[in-house]
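**Q** requesting a structural model of the entry that follows:
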Amino acid sequence: MERQRKKSRNTKQRAVILDILKKGGYHPTAEAIYHEARKVIPNISLGTVYRNLNFLREQGLAREIRSDSDSSSRFEGKCPPHAHFHCTKCNAILDLPLPPVPRGDPVERGNPYLLGELPGPARHRRLQPLRTGGILTG
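**A** Got it, this is the predicted structure:
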């Protein structure tokens, strides 16, 4: 079922937030998005970021990722369906591809979320959690 989109003017703040989400590479918290957005719009408020994230989520342009083991929600831009793996050791959130759903399959949608530890200490050295909620790979 296609989501009904609210009519609303596209603001500069919303465009900047959406651009941050589309860059991808990590799953930022609202606070991380706020800090990144302030580089472009120095007077943007955290409340404005939250309101725009909620609007983008309601419009299907952003997705909120919640975890039982993480106190802050994370966000990502609209992208192909996938699952998430949250490492409980380093707090990294990784995208996991999903197999294609055959035509006529009764599954409409889902949001698989897996918790565990990434194998091996070398993997944890390569994924360094950002203080603001994302991950860097190197």
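**Q** surely residue 56 meets residue 14?
**A** Yes. If you go by Cβ atoms under 8 Å, residue 56 and residue 14 touch, sitting 7.0 Å apart. Where C-beta positions appear, they are placed from N, C-alpha and C, glycine not excepted.
**Q** any weak-confidence spans in this protein?
**A** For the chain, the stretches flagged by pLDDT under 70 are 1-10, 24-25, 67-71, 105-111, 120-138.
**Q** would you mind finding the longest strand in the chain?
**A** Longest strand in the chain by number of residues (criterion: DSSP state E): strand 70-77.
**Q** need the contact partners of that strand.
**A** Residues outside strand 70-77 that contact it (Cβ atoms under 8 Å, 6 or more residues apart in numbering) are 18, 21-22, 24, 27-31, 33, 53, 57, 61-67, 86, 91, 93, 133.
**Q** what subset of the residues you listed is buried?
**A** Neighbour-count burial (16 or more other Cβ atoms under 10 Å) is assigned, among those, to 18, 21, 27-30, 33, 53, 61-63, 65, 67, 86, 91, 93, 133.
**Q** which of the residues you listed fall in helices?
**A** Among these, the residues falling in helices (DSSP state H) are 18, 21, 30, 33, 53.
**Q** tell me the contacts of residue 82?
**A** Residue 82 neighbours (Cβ under 8 Å, 6+ apart): 95-98.
**Q** which one of the residues you listed has the most neighbours?
**A** Neighbour counts for these, by other Cβ atoms under 10 Å, peak at residue 95, which reaches 14 neighbours.
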